[in-house]
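# Based on what follows, work out the 3D shape:
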Amino acid sequence: MDVTIWYTNWPPHIISLPATESLHEDTDAETRLHYLQVYDYNYDNPSDNPREEDNATCWIHCVYDQWGENDTKLFSLRQENPSYLNKWDSYTLWKNECVVPGSPYSPPCGYKRDNYTCPKHSGCMTHNVTQWYNVSIICEDGYGARDNRNFTFYPIRNEAPKWRNLGNHRDIDLKTGSEHDIIFSIMYTDKENENLTYEYTFMRVDTNEPTTLFKGDPSGNYFNTLGNISLTTYLFDVDKNTSYSIFICGHERRNEICEYLTIDIEEYCEIVPTCSSAENTVDETLAIGTTIFNVASLISVSNARIKFTVNANRNDLFEIDEFGKVRTLATLPAPTPQRRTILTHSFNWMVQRIVVRIPSVRSNCMSTISTTLFKSLIYPPL
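Here you go, the predicted model:
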């Protein structure tokens, strides 16, 4: 009697891998991307679950970038539990740590010194160099049957910062400008909240020659430690009615932005107006764009031509427009005794404190917001 035995080995199936994955290009740390799941139909019975499977061995077959290079250092596929190996859900996909041998820096790459890039084949990413990778993963059961799945990986671009108050123009009174006076504070927004490193070029406009009248801070952030530009000398013996240009460049890990600031040194003869104080009581949530002060109404000389800029320890929360109205840049929740926001506000010739008293919702105590507004007074020359 002849007996014929038919047998079938069902191939494994990678069932969890998505079509795409993404990660911010500045992610230097080792980062888990995905828990891999591999289904193996070991029996014909559809009630069988994924735990009834042949042992699966999985590996990364290749990581081809858009330029056709195989980056073997960017990802790894691991089994983290040594007592649970080659199982349907034992593999984890990781983006490897960004390591640049010999780099003394942290982060180890990027910035202007590296032309804003990181080297390939180091676990690092640079969106401006490589926008996508095609990753291929293979899983094989104990009988040699395989499944091969691909996904596309996209590094997310580091967005460039944006100036909030450049390009711009400032007038300085020849009679009042003094050594170390701050004449301008650089403000910007940045999605990644990175600090900027600044570089400056100071030039006299009519002669196109460098000048040493000004100096600038080498770095600053976007909200409470601004990059300030100051005078290096008293202005009493400086040529009046003279213009200067300051070319300001700020760079972070992946981007550089540049813009001009124009400074006019002029002689004014009109009387400096006086300023009065004000109070505003707020006991509710403030929406974005809410006007909390009108500083122009606090100035005694109504015909003065005035320019306003805000300089505060949280410049990301408030702004002042050309008419002197102070508005919110973010939603400010209703106050509690624990919530206290401090801003300070200074004028060219005096410090004017505008205090906002906010009664607490939970008690009768008062929280205080004090705002300092930077005001430049500009008068026509005689």
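# and residue 157, backbone torsions?
Torsion angles at residue 157 (phi, psi; degrees, to the nearest 10) stand at phi -70, psi 140.
# Could I get the contacting residues of the residue nearest to it when sequence neighbours are not counted?
Excluding the flanking residues, the one nearest residue 157 by Cβ to Cβ, 6 or more residues apart in numbering is residue 127, at 4.3 Å. In this view, the C-beta of every residue, glycine as well, is placed from N, C-alpha and C. Residues near residue 127 by Cβ atoms under 8 Å, 6 or more residues apart in numbering: 25, 155-158, 254.
# Quick one: residues contacting the closest residue to residue 85 other than its chain neighbours.
Among residues not flanking residue 85 along the chain, residue 79 sits closest, at 5.4 Å (Cβ to Cβ, 6+ apart). Going by Cβ under 8 Å, 6+ apart, residue 79 touches 85-86, 90-92.
# List buried members of the residues you listed by neighbour count.
86, 90-92 (16 or more other Cβ atoms under 10 Å).
# Can you flag which of those belong to strands?
Counted as lying in strands by DSSP state E, out of these, are 91-92.
# Farthest-apart pair in the buried ones among the contacts of residue 79, please.
For the buried ones among the contacts of residue 79, the maximum inter-member distance is 13.4 Å, found between 86 and 92 (Cβ to Cβ).
# still on that earlier bit, please check the contacts of residue 127 and keep the buried ones.
25, 155, 157-158, 254.
# Tabulate those residues (JSON lines), appending distance to residue 261.
JSON lines is the format used below for these (distance: Cβ to Cβ, whole Å):
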{"residue": "25", "distance to residue 261": "31"}
{"residue": "155", "distance to residue 261": "34"}
{"residue": "157", "distance to residue 261": "28"}
{"residue": "158", "distance to residue 261": "25"}
{"residue": "254", "distance to residue 261": "24"}
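# May I see these arranged in a markdown table, with secondary structure, pLDDT and distance to residue 293 as well?
Output for those, formatted as a markdown table (DSSP: H, G, I helix; E, B strand; the rest coil; pLDDT from 0 to 100; distance: Cβ to Cβ, whole Å):
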| residue | secondary structure | pLDDT | distance to residue 293 |
| --- | --- | --- | --- |
| 25 | coil | 97 | 41 |
| 155 | strand | 97 | 43 |
| 157 | coil | 97 | 38 |
| 158 | coil | 97 | 35 |
| 254 | coil | 97 | 37 |
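# any low-confidence regions in this protein?
42-54, 268-283, 300-315, 334-382 (pLDDT under 70).
# Can you tell me the centre-most residue of it?
Nearest residue to the geometric centre of the chain (Cα atoms, centre = their mean): residue 192, 2.1 Å.
# got the residue ranges for the strands in the stretch 1-150 of the chain?
Along the stretch 1-150 of the chain, counting by DSSP state E, counting those that start in this stretch, strands occupy 12-14, 20-24, 31-35, 38-40, 57-65, 75-79, 91-95, 133-140, 146-156.
# what's the most buried one of those?
strand 38-40 (a mean of 24; mean count of other Cβ atoms under 10 Å).
# circling back to that earlier point, now that we have the strands of the stretch 1-150 of the chain, can you turn them into JSON lines and tack on distance to residue 182?
Shown next, in JSON lines, are the strands of the stretch 1-150 of the chain (distance: least, Cβ to Cβ, whole Å):
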{"stretch": "strand 12-14", "distance to residue 182": "60"}
{"stretch": "strand 20-24", "distance to residue 182": "35"}
{"stretch": "strand 31-35", "distance to residue 182": "41"}
{"stretch": "strand 38-40", "distance to residue 182": "63"}
{"stretch": "strand 57-65", "distance to residue 182": "47"}
{"stretch": "strand 75-79", "distance to residue 182": "49"}
{"stretch": "strand 91-95", "distance to residue 182": "43"}
{"stretch": "strand 133-140", "distance to residue 182": "47"}
{"stretch": "strand 146-156", "distance to residue 182": "37"}
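# quick revisit: assess the claim that the residue nearest to the centre of the chain and residue 252 are in contact.
Yes: between residue 192 and residue 252 there is a contact at 7.4 Å, judged by Cβ atoms under 8 Å.
# what do the two both touch?
With Cβ under 8 Å, 6+ apart as the test, residue 192 and residue 252 both reach residue 158.
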